[in-house]
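K.L.:
below is the structure, and that's it, no one-letter string:
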């Protein structure tokens, strides 16, 4: 059984039925978007009575919120943020670690759901951006500022550089998951590390 957080932030058990409902909702939201998915369709996919969905999730928006909470607790996302927070290595090595963790990450279903929600202007997209993407950009900005202070990086605008670095990796993930026929034919980790090297070669001092 998996866990979710209660109102006080502590662990709260989640039933197998709730897991099945959320898995069905996640798949259908990824395929059809929030507006294009009905609770009736989710009930059919999860093989439950539609009334049972509302017993666990009073509104369709609550399904989205639960999916977002679960994703933000995902270990693979935590590993990316932890890499960006690393103080035990140089800033350049930390950026390489972030790139490597991006290469390890894969969740095409959530990515489709996320971009559907962004196009629909749903709060899920803003919530995920604020709690993961913006956090990552902030941490990379701090890394680049540290690299400048260390004398390893030339003086650049840290925020712009952080946007460029994270945007490069996010764009690769988007292409790889949503347009696989057009993705680079190589191991994900080798591609993200190569991108990181290109980036570093542009800011590392001679």
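P.N.:
Noted; the coordinates are in hand. The model shown is predicted, which means the values in this text are computed figures rather than measured ones.
K.L.:
where does residue 27 fall, secondary structure wise?
P.N.:
Using DSSP states H and E, residue 27 sits in helix 16-32.
K.L.:
who's in contact with that helix?
P.N.:
Residues outside helix 16-32 that contact it (Cβ atoms under 8 Å, 6 or more residues apart in numbering): 1-2, 37, 41-42, 45-48, 52-53, 56-57, 63-64, 66-67, 70, 109-110, 112-113, 116-117. Every C-beta, even on glycine, is put in place using the N, C-alpha and C of the backbone.
K.L.:
recalculate using a threshold of 6 Å.
P.N.:
37, 41-42, 45-46, 53, 56, 63, 66-67, 109, 112-113 (Cβ atoms under 6 Å, 6 or more residues apart in numbering).
K.L.:
now intersect those with the helices, please.
P.N.:
With helices taken from DSSP state H, the overlap with these comprises 41-42, 45-46, 53, 56, 63, 66-67, 109, 112-113.
K.L.:
show me the chain divided up by domain.
P.N.:
Following the assignment in automatic domain parsing, the chain carries domains at 3-67, 74-203.
K.L.:
avg pLDDT for the longest one?
P.N.:
Pointing back at domain 74-203 there. Here domain 74-203 scores 89 as its mean pLDDT.
K.L.:
so where do the helices sit in this structure?
P.N.:
Along the chain, counting by DSSP H, helices occupy 16-32, 39-46, 50-56, 60-72, 75-84, 91-104, 108-119, 123-128, 134-150, 158-178, 188-203.
K.L.:
a markdown table for the ones you listed, including mean neighbour count?
P.N.:
As requested, the helices of the chain are exported to a markdown table (neighbours: other Cβ atoms under 10 Å):
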| stretch | mean neighbour count |
| --- | --- |
| helix 16-32 | 19 |
| helix 39-46 | 17 |
| helix 50-56 | 15 |
| helix 60-72 | 18 |
| helix 75-84 | 17 |
| helix 91-104 | 21 |
| helix 108-119 | 19 |
| helix 123-128 | 18 |
| helix 134-150 | 19 |
| helix 158-178 | 17 |
| helix 188-203 | 16 |
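K.L.:
picking that back up, for the contacts of helix 16-32, which one is nearest residue 76?
P.N.:
Nearest to residue 76 among these is residue 109, at 13.4 Å by Cβ to Cβ.
K.L.:
how about the closest one: what's its closest non-neighbour residue?
P.N.:
Computed as Cβ to Cβ, 6 or more residues apart in numbering, the closest residue to residue 109 that is not its neighbour in sequence is residue 30, at 4.6 Å.
K.L.:
same question for residue 79.
P.N.:
Closest to residue 79 by Cβ to Cβ, 6+ apart is residue 101, at 5.1 Å.
K.L.:
same deal with residue 196?
P.N.:
Closest residue to residue 196 apart from its sequence neighbours, by Cβ to Cβ, 6+ apart: residue 99 at 3.7 Å.
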